[in-house]
Structure formats: structure tokens, C-alpha cells
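[1] turn this into a model:
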Amino acid sequence: MATLELRNLYEKYVKWVSGNPSALGDVEMTVKWLSYFIAGKINNSSAVSELVYSLSNLLVFFNDRIIERANLGAVAAVAGTDSSQLAKYIKTALTTLEYCEVFIELSAKKVWGARGRWFFIVVVQTIKCIGRLILTLCCRGNKIVKNPPIPALDRRNLAESLPEANGAETAAAAAGTFHDHNQTVLLKRSGRVMRKVDGAPPVVARSWKPLRHEVTAVYPAQYEGRFIQSAELMYILKPMVHLECVRRYGMDSWKSYLVALAIDVASLRLYYKKREDLSRDQKQ
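    Numbering: from 1, shown residues only. Below you'll find the predicted structure:
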């Protein structure tokens, strides 16, 4: 009986989330701001504040998945899907771990002290490193892994794309007369959508609405090549190298930070050599 009630409650929540994304955003922002007000107000406020902040990020992540499933057809049409279920599961686990990482560190320090804190830091970074290596080396379409692996859903662009995805035939028929005039160009550096000089329709057919931006929510990164893979592997292994340098040289030495900086510079240099193969989203 209790299970049935929970299921009904969950279905009502899913229906409300799918139909009220704007009100949902206000609730999520309120929960996130609550973590800032808690800081310094109670005992162990840092851990409690970080817990609330982590839960707010997880709430946003969970709601994004609900919205994504509710509009799966439109999302698949405008942005594509993961190459495999394994990649999806790994990205979900890594994103959840990314949001909870600081809270785990603070809790470990509070319970087990500095040694426990460093132990959990090593465990978390090892899990993240292994997961990213699997995505990069074993899963197609994941040569460059974002941070977090599953970024926040661009709900505004998704909401704008839904009418177009649902009524594609109607929109095409309505715009057929002025199809040749509706020409736009995407600026490479800024990403701004501009209408060409000869692309404006007649005055009687103009809507005067701003041009639609490209949806860049969940495009998979499919960049092959030795340089790109080497640069990504250097970026993935950098936290483990940094932790080993800290263990060897200590926290007060600059050597560990200089080594991490050198790895970053080398990785970015390799990316720069193949910058023409990267999308604007990946360059950022």
C-alpha cells in the first residue's frame, strides 16, 4: 500500500516537473541559495551548507533527467543520444560524484580527520579517473569528456525547440513560401546567429522575433586523432599525478603545483593544434 502511494506521488511529481519548468527553476534556485544562508549560522555549518548545496545540484540533475525523458523524442532530434548504455551509466555516476565530492571530503575530515580526508580524496579521484578513461578509450563518441560529464540541461533552448520538433511539417508548410529568404549564418567565435543581408523575408511576413540559437545541450564529442586523445588522457591523469607529487614532496612544496601546471599547458597546447576540429562548446 505504501509502495503504491509513493509511486502515485512520484508520478504526480514527474507530471508537475514536466509541465512547470519555470516554477521548478525558482524552487531549485531557492534551495541552492539556502546553502549560502546556512553557512556560519549553526554548528558544523560548512558540512551542512555543502550538503544542502550538493542536494540542490542533485535535485537539478534529477529534474533534468525527468524533463529529458518527457521530451525524449525532441531531445534526440535536436541533440543526439549517448553511444551506449555503459557510457550513460558512467556519466551519471561521475556527475553524481562530482556534485557530492566536496561534501564527502568535508564529512571525512570531520569524522576521521586529515588522514581520512586524504583517503577519500584519493578514492574519489581514482574513481573519476577510471570512469573517464573508460569513456575516452572504450566508448565511441566520448573522446572529450565534459566536466561534469552530463552538463545541466538547457531548458530554455529545449522549450524553444519543442514546438518546432512537434510541428515540423506544419512549420515547413507555413515557411515554404519564404524558405529561400530565411538564411542565417552562425558566427564562429561568439556563436551569435545573424541573418544574411539577402535573407530577410518581405515586411508582411516578418515576425520581428530574435533568431533562434543552436541547441548545444548534449551534443556528443566525436573527435578522433592522436593529438586529441593524448591531450584528453593528460587532462584525465593530471589529478592522480598531482596527488602523487603531493605525497612525495608535501603540501608546502611548489613542485606538485608546477607539475600540474605543466600538464595543463601541454594538454591545452595539443588541443590548440587541433582547434579547428573542436566545436565552440568544446573550446569553452
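
[2] quick one, strands of the stretch 101-250 of the chain?
    Ranges of strands in the stretch 101-250 of the chain, per DSSP state E, counting those that start in this stretch, are 184-186, 193-195.

[3] pairing partners for the last one, with directions?
    Translated: strand 193-195. strand 184-186 (antiparallel) (DSSP bridges).

[4] average pLDDT for the helix ranked longest in the chain, rounded please.
    Ranked by residue count and defined by DSSP state H, the top helix of the chain is helix 85-138. Per-residue pLDDT over helix 85-138 has a mean of 93.

[5] what helices or strands is that helix leaning on?
    Secondary-structure packing of helix 85-138 (3 or more CB pairs under 8 Å, 6 or more residues apart in numbering; DSSP states H and E): helix 45-70, helix 226-249. Just so you know, the C-beta spots here come from the backbone N, C-alpha and C atoms, and that holds for glycine as well.

[6] Arg132: which of those is closest?
    helix 226-249 (4.6 Å; CB to CB).

[7] packing partners of that closest one?
    Helices and strands touching helix 226-249, by 3+ CB pairs under 8 Å, 6+ apart, are helix 85-138, helix 255-273.

[8] angle of the last one against helix 226-249?
    Orientation note: helix 255-273 sits at an angle of 180 degrees relative to helix 226-249 (axes from the mean of the first three to the mean of the last three CA atoms, to 10 degrees).

[9] what do you get for the first one?
    Orientation note: helix 85-138 sits at an angle of 90 degrees relative to helix 226-249 (the same axes, to 10 degrees).

[10] tilt between helix 85-138 and helix 45-70?
    Helix 85-138 runs at 110 degrees relative to helix 45-70, counting by the same axes, to 10 degrees.

[11] and the helices and strands packed on helix 226-249 as JSON lines, adding distance to Arg248 and mean neighbour count?
    Putting those into JSON lines (distance: least, CB to CB, whole Å; neighbours: other CB atoms under 10 Å) gives the following:
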{"stretch": "helix 85-138", "distance to Arg248": "14", "mean neighbour count": "16"}
{"stretch": "helix 255-273", "distance to Arg248": "8", "mean neighbour count": "15"}
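
[12] can you pull the contacts of the closest residue to Leu55 other than its chain neighbours?
    Nearest residue to Leu55 in three dimensions, chain neighbours excluded: Val31, at 7.2 Å (CB to CB, 6 or more residues apart in numbering). By CB atoms under 8 Å, 6 or more residues apart in numbering, the contact list for Val31 reads 52, 55-56, 59.
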